[in-house]
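Novice: Sharing a model that was predicted from the sequence below.
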Amino acid sequence: MGLKIWLGDKLVDEADAKISVFDHGLLYGDGVFEGIRVYNGNVFELEAHLRRLYESGKAIRLEIPMDETRLADALEQTVQANALVDGYVRLVVTRGIGTLGLNPFVCENGQLFIIADNIQLYPEELYEKGMKVISATTVRNHPLALPPQIKSLNYLNNILAKIEAIDNDVPEAIMYNREGYVAEASGDNVFTVKDGAIYVPPVEAGSLGGITRGIVIRLARQEGIEVIETNLTRFDLYVCDEFFLTGTAAEVIGIVEIDGRVIGDGKPGAVTKLLREKFFKYAHGKE
Ligand code: PXG
């Protein structure tokens with residue numbers, strides 16, 4: 001038995017969840033999406049994800065074809081129909097069916113679908129030992145080209161960085177902006193620790209305003225750790241004491257090597273471990 005997929009305004013069987021080849025989401029990557037976790041059967045940070053979805057839609061002049069209340073209900077129904085307890089929800093809105101040609105306004109209705117499934121986390125071993133990364137040569141999208149704050153269906157910029165990572169036998173690549181400052185990883189936000197303080201690149205450096213990023217900043221401050229939002233260079237990554245990534249799928253994961261430079265003592269550091277633990281408790285409603 002396959003999954004139940006929310007398509008348009010109802011749940012359908014996976015085998016019937018089909019999209020037209022004339023959908024501009026497919027033809028042009030014209031659309032927006034969200035990736036959301038489900039912990040203990042609850043949709044995690046629903047409000048923040050919906051806000052980002054509607055803002056992404058507004059930025060590309062795509063009307064989300066459902067109001068927030070109905071969309072929240074559709075999400076809930078999809079989670080329930082698949083008996084999802086701990087997993088992942090992918091919420092996608094495409095521009096819908098149009099003609100061959102860029103004009104998005106020939107598409108009458110946005111197409112909405114929701115997939116509730118499991119998510120491939122990094123193997124547990126990587127959380128214990130820490131992960132290696134490289135610096136991508138692919139520069140992050142300029143904010144005046146495709147603003148990185150839009151979670152759009154066009155992920156090619158990040159996919160090119162991901163290919164570099166895979167070619168170098170590491171799971172992730174760090175992307176820089178045109179000024180040479182750290183933007184983010186291909187699907188995660190970047191944090192460092194130096195002399196007891198946390199440093200995190202501002203969103204304006206060219207990242208998605210990660211929801212996990214926001215939570216981790218808040219949790220760190222609650223622990224009395226100073227968090228400084230400032231531009232970071234490749235050098236800053238090379239010489240930091242700790243380095244970690246945050247994201248919906250990854251949660252909090254320590255980085256122990258970048259471009260052959262070992263971070264700290266080559267193991268995830270104390271601040272990284274503390275925040276991973278605090279995040280886990282927060283996500284599971286224990287704090
Ligand atoms: N930057 C980028 C480019 C992302 O795509 C993040 C940062 C972290 O943001 P959140 O809000 O998740 O903390 C993301 C999120 C996937 C997948 O299927 C990707 C993300 C999240 C969930 C699943 O590859 N990226």
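Specialist: Sure thing, it's come through.
Novice: Excluding chain neighbours, what is closest to Gly2?
Specialist: Glu14 (3.3 Å; Cβ to Cβ, 6 or more residues apart in numbering). Every C-beta, even on glycine, is put in place using the N, C-alpha and C of the backbone.
Novice: Kindly apply the preceding question to Val12 instead.
Specialist: According to Cβ to Cβ, 6+ apart, the nearest residue to Val12 is Ile5 (5.7 Å).
Novice: just checking, next helix/strand downstream of the host helix or strand of Asn157?
Specialist: With elements taken from DSSP states H and E, the one containing Asn157 is helix 156-167. Going down the chain from helix 156-167, the next helix or strand is strand 172-176, by DSSP H and E.
Novice: which of the residues in that following strand are buried?
Specialist: 172-176 (16 or more other Cβ atoms under 10 Å).
Novice: do the same with stretch 150-165
Specialist: 150-154, 157-158, 160-162, 164-165.
Novice: re earlier: what helix or strand is the residue nearest to Val12 on?
Specialist: strand 4-7.
Novice: what does Ala220 give?
Specialist: helix 211-222.
Novice: Provide the contact partners of that helix at residue level.
Specialist: Under the criterion Cβ atoms under 8 Å, 6 or more residues apart in numbering, residues 45, 48-49, 52, 189, 191, 198, 200, 207, 227, 246-248, 250-252, 271, 275, 278-279, 282 lie in contact with helix 211-222.
Novice: one more time with 7 Å, if that's ok
Specialist: 45, 48-49, 189, 191, 198, 200, 227, 246-248, 251-252, 275, 278-279, 282 (Cβ atoms under 7 Å, 6 or more residues apart in numbering).
Novice: for stretch 30-40, same thing?
Specialist: With Cβ under 7 Å, 6+ apart, stretch 30-40 has contacts from 24-25, 43-44, 49, 52-53, 56-57, 60, 62, 79, 84-95, 104, 150-153, 248-249, 283-285.
Novice: Lovely, talk soon.
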